[in-house]
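**Student:** what follows is a predicted structure for the sequence shown.
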Amino acid sequence: MVRARVVRTERTSPHFVTVTLGGEELSAFEFLGLDQCTRLFLPRAGQSSLRLPTAAHNGWIAQYYLMSARDKPYVRNYTVRRFDAERRELDIEFVVHGDTGPASAWAAGAVAGEEVGLFAEGVYYLPSPGTDWQLLVGDESALPAVASVLEQAPPDLRAEVYLEVPGADDVRELVVPEGVNTHWLVREDPGAVPGRLASRTVRAALADGGLPEGRPYCFLAGERDLPTGLRRTLVREHGVAKADVTFVGYWRHGRSYLG
Ligand SMILES: Cc1cc2nc3c(=O)[nH]c(=O)nc-3n(C[C@H](O)[C@H](O)[C@H](O)COP(=O)(O)OP(=O)(O)OC[C@H]3O[C@@H](n4cnc5c(N)ncnc54)[C@H](O)[C@@H]3O)c2cc1C
């Protein structure tokens, strides 16, 4: 567990805020790259100091649940968007989805000097050896993970990338190898559940034979119904091996993350 402080924030686009965290303790953060995830611990309103579990590995979970409601920080999962070991800085790119989410609200109003806790977790993106191309699909919560994976991809990567974002101004230039086709899907309707448009679009491309031939490795992430539903379609209707699909429910529509 390491402590860090907000160094600066930047509104990356209308629905994204990048928070740069820094501090001496980040030299102990074990950075793995790709879509590496970190547990992020945030103070609750009214807490004067941030209380953090101290145990290594999964021991922190037991400690966390034994903390009193008053002391317990919020804990959420976020992708490490950038890590600069020399400057001891770490970026997290938050989707700003309103005040109902403590993490979203915190990011939207974060100010320099605020303290957070970080617990490094692992990577989910683990392409199977021997696949011919990749299918990467995500809603906006998975944009940081997909962007990081693509920035670190080998130059010969062949991939079809489908990214759903809330508005046209959230579309951005990604650093990708030449064999990567990026399909931006702009939701526009603020009432629509994130991920549904991406699911529909990829299903239509699969049905039309609009995707490359050969064996794909698939990485699906975002609102829970997107990865679980699309995996079912890929496996049951298109003969993709379960082992060639990584699917991660990043959040659930209408449900707050526990803690
Ligand atoms: C491995 C992993 C990596 C992740 N990386 C990132 C990342 O880099 N950036 C990022 O923004 N998120 C990321 N997420 C998702 C993030 O953890 C969740 O969105 C989290 O629930 C946000 O916490 P909150 O306190 O804002 O909202 P919560 O308290 O969890 O939820 C409050 C309400 O907001 C809704 N909600 C939660 N998230 C969203 C959303 N993204 N859009 C719309 N409504 C939402 C919930 O359904 C609920 O109704 C990642 C999740 C995982 C598992």
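**Tutor:** Noted; the coordinates are in hand.
**Student:** the ligand contacts on the stretch 51-200 of the chain?
**Tutor:** Residues of the stretch 51-200 of the chain lying close to the ligand (C-beta under 6 Å from any ligand atom) are 76-79, 93-95, 97, 100-104, 141, 144-145, 194. In this view, the C-beta of every residue, glycine as well, is placed from N, C-alpha and C.
**Student:** now these: which count as buried?
**Tutor:** Among these, those classed as buried by 16 or more other C-beta atoms under 10 Å are 76, 78-79, 93-95, 97, 101-104, 141, 144-145, 194.
**Student:** which members of the residues you listed are the farthest-apart pair?
**Tutor:** Of all pairs drawn from those, the one with the longest distance (C-beta to C-beta) is P102 and A145, at 20.9 Å.
**Student:** residue boundaries of the helices in the stretch 101-250 of the chain?
**Tutor:** Taking DSSP state H, counting those that start in this stretch to define them, one finds helices in the stretch 101-250 of the chain at 102-109, 143-151, 196-207, 225-232, 238.
**Student:** longest strand in this structure, please.
**Tutor:** Ordering each strand of the chain by length in residues (DSSP state E) puts strand 2-13 first.
**Student:** contacts (any at all) between the ligand and it?
**Tutor:** No. Looking at strand 2-13 against the ligand by C-beta under 6 Å from any ligand atom, there are no contacts, and the closest approach is 10.9 Å.
**Student:** can you tell me the residue of the stretch 1-150 of the chain closest to the ligand?
**Tutor:** Taking C-beta to the nearest ligand atom as the measure, the stretch 1-150 of the chain has G101 as its residue closest to the ligand, at 2.2 Å.
**Student:** so what's L90 up against?
**Tutor:** L90 makes contacts with 4, 20-22, 26, 29, 38, 80, 82-84, 118, as judged by C-beta atoms under 8 Å, 6 or more residues apart in numbering.
**Student:** tell me the contacts of the residue lying closest to L42 once chain neighbours are set aside?
**Tutor:** By the measure of C-beta to C-beta, 6 or more residues apart in numbering, the closest residue to L42 outside its immediate chain neighbours is Y74, 4.5 Å from it. For Y74, the set of contacting residues under the criterion of C-beta under 8 Å, 6+ apart consists of 41-44, 102-103, 106, 259.
**Student:** domains in the chain, as residue ranges please.
**Tutor:** Per the record's domain assignment (automatic domain parsing), the chain is made up of the domains 2-120, 133-251.
**Student:** which among the contacts of Y74 count as buried?
**Tutor:** With burial judged by 16+ other C-beta under 10 Å, the buried subset of the contacts of Y74 is 41-43, 102-103, 106.
**Student:** in TSV: these, plus pLDDT and distance to A221.
**Tutor:** Written out in TSV, the entries for the buried ones among the contacts of Y74 read as follows (pLDDT from 0 to 100; distance: C-beta to C-beta, whole Å):
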residue	pLDDT	distance to A221
F41	97	22
L42	97	22
P43	92	27
P102	95	21
A103	97	17
W106	96	22
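**Student:** which stretches of the stretch 151-259 of the chain form strands?
**Tutor:** Secondary structure of the stretch 151-259 of the chain (DSSP state E, counting those that start in this stretch): strands at 159-165, 180-186, 216-223, 245-251.
**Student:** describe which strands the second one pairs with in its sheet and in which direction.
**Tutor:** Meaning strand 180-186. Pairing partners of strand 180-186, with direction, according to DSSP bridges: strand 159-165 (parallel).
**Student:** now swap in the longest one and tell me
**Tutor:** Based on DSSP bridges, the strands next to strand 216-223 in the sheet, each with its direction, are strand 133-138 (parallel), strand 245-251 (parallel).
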